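A.B. asks: Next comes the sequence, and after it the predicted model I'd like to discuss.
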There are 2 protein chains.
Amino acid sequence: MRTNSDEEQCLFSIHQATQVLGGKWSFVVLGQLFCQDSQRFNQLRRNLDNISTKSLTDTLRHLERNGVIHRKVYPTVPVTVEYSLTEKGRDFKNVISEMRIWGQKWGSNM
Amino acid sequence: MRTNSDEEQCLFSIHQATQVLGGKWSFVVLGQLFCQDSQRFNQLRRNLDNISTKSLTDTLRHLERNGVIHRKVYPTVPVTVEYSLTEKGRDFKNVISEMRIWGQKWGSNM
DNA sequence: CCGTATCCCTGGCGATACTG
DNA sequence: CAGTATCGCCAGGGATACGG
């Protein structure tokens, strides 16, 4: 039988996952990084349908704070910044992957 | 090598999935229905930390329109309504499941 | 019981301009 | 190049009251 705490813990985990992700762009940003890890700021921006700089920085900062991605600065001129996935981020690939499969399977019809 | 359309299709599928889900409550509502399929309105509401009626109805309508859940009305007095998962909805379990695993693994630390 | 209807309001997001 | 700084909007969500 299912106990109450089972349910609660299940929902809590899901809730937590959504909190770590934050905004609506996180999925697609992570998806982009899975397609090609270690991308630069404007590279991401171009690949993401011209997301506004604010939304992109907000999303990246949020993901960084939550340990999902890593920000590395190269002191070139002009400066170069590369975003890559942490282990926690790479581990999220299973979720994104399942989401992609589902999106492809059920995308156009019902 | 990876082509441009690969990337685009990948991102498109993810984007589509997020569109089908809609708001922030969808994940947890679906999670609840996976815990126990076929639940009634107030039953869901109580299980979901007293989500407002508006948010719940909005979420349920959205998911229904997108063929993820099914709404069945029993003409009792007072009326009884049960929400259950469609095949499309049940198929989403893989995503939720991976999300739960990830949430449990990485929930508390980084 | 299962919602709809309303009001309100916050914060997420986009657009733009500007800096190191 | 990689952002920060502002402003303004408005959809999404909460609270409450009411209707079938």
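C.D. replies: Perfect, I can see it now.
A.B. asks: DNA strand D contacts on chain A?
C.D. replies: Proximity of chain A to DNA strand D is confined to A:40-43, A:53-54, A:57, A:60-61, A:71, A:78-83 under the rule C-beta under 7 Å from any atom of the strand. Any C-beta I mention is one placed from the backbone N, CA and C, and that applies to glycine too.
A.B. asks: can you pull out the strands in chain A?
C.D. replies: Per DSSP state E, chain A carries strands over the ranges A:39-40, A:69-74, A:80-85.
A.B. asks: What pairs with the shortest one, parallel or antiparallel?
C.D. replies: Yep, that's strand A:39-40 we're talking about. Taking DSSP bridges as the criterion, strand A:39-40 pairs within the sheet with strand A:80-85 (antiparallel).
A.B. asks: So which bits of the partner strand are buried?
C.D. replies: For strand A:80-85, burial by neighbour count (16 or more other C-beta atoms under 10 Å in any protein chain shown) applies to A:83, A:85.
A.B. asks: cool, stretch A:30-48 as well?
C.D. replies: Applying a neighbour-count criterion of 16+ other C-beta under 10 Å, the buried positions in stretch A:30-48 are A:30-35, A:39, A:41, A:44-45, A:47-48.
A.B. asks: Endpoints of that stretch, how far apart?
C.D. replies: With C-alpha to C-alpha, to the nearest Å applied, stretch A:30-48 spans 11 Å between its terminal residues.
A.B. asks: what number of residues lie near the spatially closest residue to residue A:94 that is not a sequence neighbour?
C.D. replies: Residue nearest to residue A:94 in three dimensions, not counting chain neighbours: residue B:98, with 4.4 Å by C-beta to C-beta, 6 or more residues apart in numbering or on different chains. Around residue B:98 there are 20 other residues, counting by other C-beta atoms under 10 Å in any protein chain shown.
A.B. asks: Need phi/psi at residue A:66.
C.D. replies: Backbone torsions of residue A:66, given as degrees, to the nearest 10, read phi -90, psi 10.
A.B. asks: Taking the centroid of chain A, which residue is nearest it?
C.D. replies: Within chain A, the residue whose C-alpha comes closest to the C-alpha centroid is residue A:30; the distance, by C-alpha atoms, centre = their mean, is 3.1 Å.
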